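Asks: A structural model of the following input is requested.
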Amino acid sequence: MGEKVEPAPAPGLFTRKARSYPGNEHSARETISQGHTEGSIIGFYALIDIHQSISLRQILEQESGASTVTAAEGIIEAEFSLPSWAKRSIFMDGHGVSSKENIYDWPSIRVPSVEQPHLTKLSDCHYTYWVAVHGTIIDHPGIFITDSGFIDLDTVAGHRLLCALDFAPSSESSSFKELFITLLTLPKFYSQLVEVHCLNITPTIQPITCPYEPKTIVNVARHMTNCGITESQADSLLQYARFFRVDKLQSKLRSEDEPGPWLKILC
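Replies: Coordinates of the predicted model:
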């Protein structure tokens, strides 16, 4: 990967608030600056989310003729670019890592397989370092790890939680994975399911494998509540679920010449 591995703050060290949009030129340029600050994963997420929202609104404007994008938001769209420090390899295989835009590119090498340690017993921090050295977005979809070596610890927690809960963790795809990722991708959806279906969250967090193949998203939510997964914990895994879908698309690429979904979605 890169020369440094600097996990993002652990969950609970900062308060997640609704995304605020720039109201003037100063705040717009501040948003761009924070997103391009090396290692500022929270600033990067904010820049990407705001950019995507503005892009969607611009598409709607073309259809409706109504103008909703402010001058400050127009600055972000005009000057948007993917920060170099946050780029992820757009092509990965079993022989090494390569990227068309990876300034930290390593030569392709064949790495012999090694027996994995008992990863379930490691702390999130130690597991993160293991993934930084041995992992890829194909083997660990959803984990945000950049070519320059930065990792979002929340996405590591999401990956480990899915592995612990899924009734078929070694399967390429399962109904639990699909429903779990769908649930997390929709902000506050877990909270709504808990309220609407009167689900009780167990006070002690104890992730266990789902004993059955879930048929509905409510089945998954019920199992999560039985394992003590809180609403705030589910909210913290939003970016993990988003990257999981991107990485699953990326793993299907057949050629380096085909642009990666990461660049398609974010640019």
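Asks: so who does the most centrally placed residue in the chain touch?
Replies: Centroid-nearest residue in the chain, with CA atoms, centre = their mean: residue 240, separated by 2.9 Å. Residue 240 is in contact with 142-144, 152, 154-155, 157-159, 184, counting by CB atoms under 8 Å, 6 or more residues apart in numbering. No exception for glycine: its C-beta is placed from N, CA and C like everyone else's.
Asks: average pLDDT across stretch 192-208?
Replies: The pLDDT scores in stretch 192-208 average 94.
Asks: What residues sit buried inside it?
Replies: The neighbour-count check on stretch 192-208 (16 or more other CB atoms under 10 Å) flags 193-194, 199, 201, 207 as buried.
Asks: What of stretch 66-74?
Replies: 69, 72-73.
Asks: Span of that stretch from start to end?
Replies: One end of stretch 66-74 sits 15 Å from the other (CA to CA, to the nearest Å).
Asks: cool, stretch 229-238 as well?
Replies: End-to-end distance for stretch 229-238: 14 Å, by CA to CA.
Asks: Could you list the buried residues of that stretch?
Replies: For stretch 229-238, the neighbour count (16+ other CB under 10 Å) marks 229-231, 233-238 as buried.
Asks: Show me just the buried residues among the contacts of residue 240.
Replies: Using 16+ other CB under 10 Å, the buried ones in these are 142-144, 152, 154-155, 157-159, 184.
Asks: Now residue 150. Its backbone dihedrals?
Replies: Torsion angles at residue 150 (phi, psi; degrees, to the nearest 10) stand at phi -90, psi 140.
Asks: when you give positions from now on, start the count at 88
Replies: Done: numbering now begins at 88, and the last item shifts to residue 237.
Asks: That one touches residue 126, doesn't it?
Replies: Yes - using CB atoms under 8 Å, residue 237 makes contact with residue 126 at a distance of 5.5 Å.
Asks: Of the two, which one has the most company?
Replies: For residue 237 versus residue 126, neighbours defined as other CB atoms under 10 Å are more numerous around residue 237 (23 against 15).
Asks: Touching stretch 287-297 from outside, list them.
Replies: Under CB under 8 Å, 6+ apart, the answer for stretch 287-297 is 248, 251-254, 256, 263, 281, 307, 310, 312-318, 320.
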